[in-house]
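>>> Could you look at this predicted model? Sequence included:
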Amino acid sequence: MTSSKGLEGVVATQSAISSIIDDTLTYVGYDIDDLAVNASFEEVIYLLWHQRLPKADELAELKQQLADNMSVPQAVLDHFKTYEIKKVHPMAALRTAVSMLGLFDEEAEDMDPEANYRKAIKIQAKISTLVTAFARIRNGQEPVAPKTDLNFAANFLYMLSGSMPEDIEVEAFNKALVLHADHELNASTFTARVAVATLSDVYSGVTAAIGALKGPLHGGANEQVMKMLTEIDSVENVDSYINGKLANKEKIMGFGHRVYRKGDPRAKHLREMSQKLTKIRGEEKWYEMSIKIDEIVSGQKNLPPNVDFYSASVYHSLNIEHDLFTPIFAVSRTSGWLAHILEQYADNRLIRPRAEYIGPGMQTYVPVEER
Ligand SMILES: CC(=O)SCCNC(=O)CCNC(=O)[C@H](O)C(C)(C)COP(=O)(O)OP(=O)(O)OC[C@H]1O[C@@H](n2cnc3c(N)ncnc32)[C@H](O)[C@@H]1OP(=O)(O)O
Ligand SMILES: O=C([O-])CC(=O)C(=O)O
């Protein structure tokens, strides 16, 4: 038995949800470039969960179902006040809060496919509320109730800031949600599938996935990108900062990918948005620094930017606190996790690979007093 470190190149499942072939990303056969320009996040949710785009009445029904399920139990909001909220990473809080939601769902253990679909709607609807309520409570503000007539992207921004977002902000945020929704068998999606393949419940799958997304080699990279941009602070400092890191063999966050070789097709959409939004805000330096870093890392290391790189300056331009970047990734990726969880249940087999043993050979037990 030989192993592949990090399971590189291992095909671990079949899936009809999304694919990456020759650096082209598709959701159910629709090119991400097409969806990024044309689709609403709600349409993408439906596409991932049903493997087809919704008709008008189906889309309206999904929007209504999401709107109807956005409120979260008061006990979950109250629990945010039971610890030192300012010292907690929002991804850790989200991981616990989603798990806690399961405690208040009477059908949490019901494995009927219709019950699981209802849970998907509930989790997708409530995750926006959890992230925005956490952010507001941490800042000493009351959570803002959702407006049922707003779309998913607008509602998130509204619940976060308490004021109506501008059209350009909603457009940018919707695009970011579409771009992050699914990505074949990335680490967090694989985690979700492994968890539910034991026939554990949907809440367990999403909770496990949030834990996996949190790390800086995966979703956590977007927050680290903004930390780096803040440290660099000006275009003049980019050269020495990046070349210093590369000389020390340190990783530059937001670059590289296990699957893409020529580049991540999502990055260009975020780059365009970053340019537009930083200009509107009069804070072009974040975009200019990003472009310069991209030139150096792509040029010298042949490592193109991934989805996390330009999303950082986009979210910053939307006045979002930096440690909320990864929770926002989770809000979007929940749609993909749920699609994969439902797909896993529909044709399940326990996921249990083998390990190549590299420890000592056979040994004989020696009683403790003789060792
Ligand atoms: C949504 C997402 O999850 S996208 C990914 C987000 N993560 C990041 O942006 C973190 C930075 N990037 C990385 O750590 C990696 O590129 C990963 C985790 C994305 C992919 O990792 P892997 O496929 O395992 O590649 P691995 O880490 O083995 O790197 C291969 C080589 O490229 C180098 N490399 C990879 N990424 C980077 C980077 N961002 N900066 C500098 N060097 C890098 C490694 O140092 C290694 O070099 P070596 O062969 O000389 O030792
Ligand atoms: O696919 C991956 O390994 C990471 C990634 O880009 C994502 O999850 O969007």
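Here it is on my side, so go on. Ligands and ions are numbered 1, 2, ... in the order given.
>>> Residue 205 is in contact with residue 108, correct?
No - contact between residue 108 and residue 205 fails when scored by CB atoms under 8 Å: they sit 11.7 Å apart. In short, each C-beta sits where N, CA and C put it, glycine included.
>>> more crowded one of those two?
With neighbours defined as other CB atoms under 10 Å, residue 108 and residue 205 compare such that residue 205 has more, 29 against 16.
>>> Could you tell me which residues of the stretch 251-371 of the chain lie near ligand 2?
258, 259, 306, 307 (CB under 6 Å from any ligand atom).
>>> can we see that at 8 Å?
Residues of the stretch 251-371 of the chain found near ligand 2 (CB under 8 Å from any ligand atom) are 257, 258, 259, 260, 264, 266, 306, 307, 308, 333.
>>> Rebuild these as TSV, extending it with secondary structure.
Output for those, formatted as TSV (DSSP: H, G, I helix; E, B strand; the rest coil):
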residue	secondary structure
257	coil
258	coil
259	coil
260	coil
264	coil
266	coil
306	coil
307	helix
308	helix
333	helix
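>>> Check these and tell me the two furthest apart.
Greatest spacing in these, by CB to CB: 260 and 333 (17.2 Å).
>>> neighbour count winner among these two?
residue 333 (27 against 19).
>>> wait, doesn't that one sit right on residue 219?
Yes - shown here, residue 333 and residue 219 form a contact pair, counting by CB under 8 Å, at 7.2 Å.
>>> and stretch 180-197, is it in reach of ligand 1?
Yes - using CB under 8 Å from any ligand atom, stretch 180-197 reaches ligand 1 at 180, 183, 186, 187.
>>> Go through those and name the one nearest residue 95.
residue 187 (14.8 Å).
>>> Quick check, that closest one in contact with residue 210.
No - here residue 187 does not reach residue 210: they are 11.8 Å apart, not a contact under CB under 8 Å.
>>> sorry, back to before: most neighbours of all the residues of stretch 180-197 next to ligand 1, which one?
That'd be residue 180 among the residues of stretch 180-197 next to ligand 1, by other CB under 10 Å, with 26 neighbours.
>>> Please tell me how far the nearest residue to residue 92 once chain neighbours are set aside sits from residue 326.
Spatial nearest neighbour of residue 92, chain neighbours left out: residue 214 (7.4 Å); criterion: CB to CB, 6 or more residues apart in numbering. Separation of residue 214 from residue 326 (CB to CB, to the nearest Å): 6 Å.
>>> anything in contact with each of these two?
Counting by CB atoms under 8 Å, 6 or more residues apart in numbering, the shared contacts of residue 214 and residue 326 are 91, 220.
>>> Those two: which is more packed in?
Each of residue 214 and residue 326 has its neighbours counted (other CB under 10 Å); residue 326 has more, 27 against 22.
>>> The more buried one looks like it's in a helix, true?
Yes - Residue 326 sits within a helix when classified using three-state DSSP.
>>> Can you name the residues that contact it?
90, 91, 213, 214, 219, 220, 222, 223.
>>> Repeat that for residue 187.
Per CB under 8 Å, 6+ apart, neighbours of residue 187: 212, 213, 215, 217, 218.
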